[in-house]
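Chemist: Coordinates for the following, if possible.
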Amino acid sequence: SKRSGLNVVYSCDEAYVAHTGISMLSLFKNNKDFEHITIYFIHKDVTENSLNLLRELAKEYDRELLILPIQKINSRLEIKTTGRHIETVYVKLFLGQLNGLDKVLYIDSDTIINSSLIGLWELDLSDVLVAGVDTTIVDSFPLLGLS
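Modeler: Here you go, the predicted model:
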């Protein structure tokens with residue numbers, strides 16, 4: 001039986017738009033059990049050509065793609081330097097501005113989705129405003145057989 005809807009946010013600039021497209025493709029291929037998937041793509045200076053490629057991908061899988069320039073989301077962000085990150089990393093702080101959404105899943109552009117997100121999407125988060133995962137950095141070279 002199909003689940004109703006999944007809401008996903010991606011955010012990046014032109015440098016990561018190809019990664020985002022691959023992540024979206026992996027999301028679509030492994031989540032056909034959702035009747036609807038709506039992608040909110042919040043971008044900084046992504047070219048019209050790249051946006052059209054994302055539009056074609058969403059259309060091919062019959063998914064909704066809403067494209068929002070970053071200025072519509074984080075106009076209140078008053079930050080002078082972002083270190084090694086660009087502004088798009090702060091989009092997740094402003095997701096409450098996306099109208100009419102009870103729940104949204106923010107996925108980093110370089111994430112591959114290799115199975116269904118139904119279990120994650122259906123987690124009961126009614127007691128919390130925000131849930132997240134720790135970033136774990138492991139020295140994985142030995143596991144990969146690399147020096």
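
Chemist: Just give me the neighbour total for residue 117.
Modeler: Residue 117: 19 surrounding residues under other CB atoms under 10 Å. For glycine as for every other residue, the C-beta is placed from the backbone atoms N, C-alpha and C.

Chemist: where's it relative to residue 7, distance?
Modeler: 11 Å (CB to CB, to the nearest Å).

Chemist: Which neighbours do the two have in common?
Modeler: By CB atoms under 8 Å, 6 or more residues apart in numbering, residue 117 and residue 7 have these common neighbours: residue 105.

Chemist: Poorly predicted segments of this protein, please.
Modeler: For the chain, applying pLDDT under 70 flags the ranges 1, 74-90, 134-138.

Chemist: That one: strands as residue ranges?
Modeler: Remark: strands assigned in the chain by DSSP state E are 3-13, 34-44, 64-69, 105-106.

Chemist: elements contacting the last one?
Modeler: Meaning strand 105-106. strand 3-13 (3 or more CB pairs under 8 Å, 6 or more residues apart in numbering; DSSP states H and E).

Chemist: partners of the strand it packs on, with directions?
Modeler: strand 34-44 (parallel), strand 105-106 (parallel) (DSSP bridges).

Chemist: Can you add mean neighbour count and give those back as a markdown table?
Modeler: Output for those, formatted as a markdown table (neighbours: other CB atoms under 10 Å):
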| stretch | mean neighbour count |
| --- | --- |
| strand 34-44 | 20 |
| strand 105-106 | 16 |
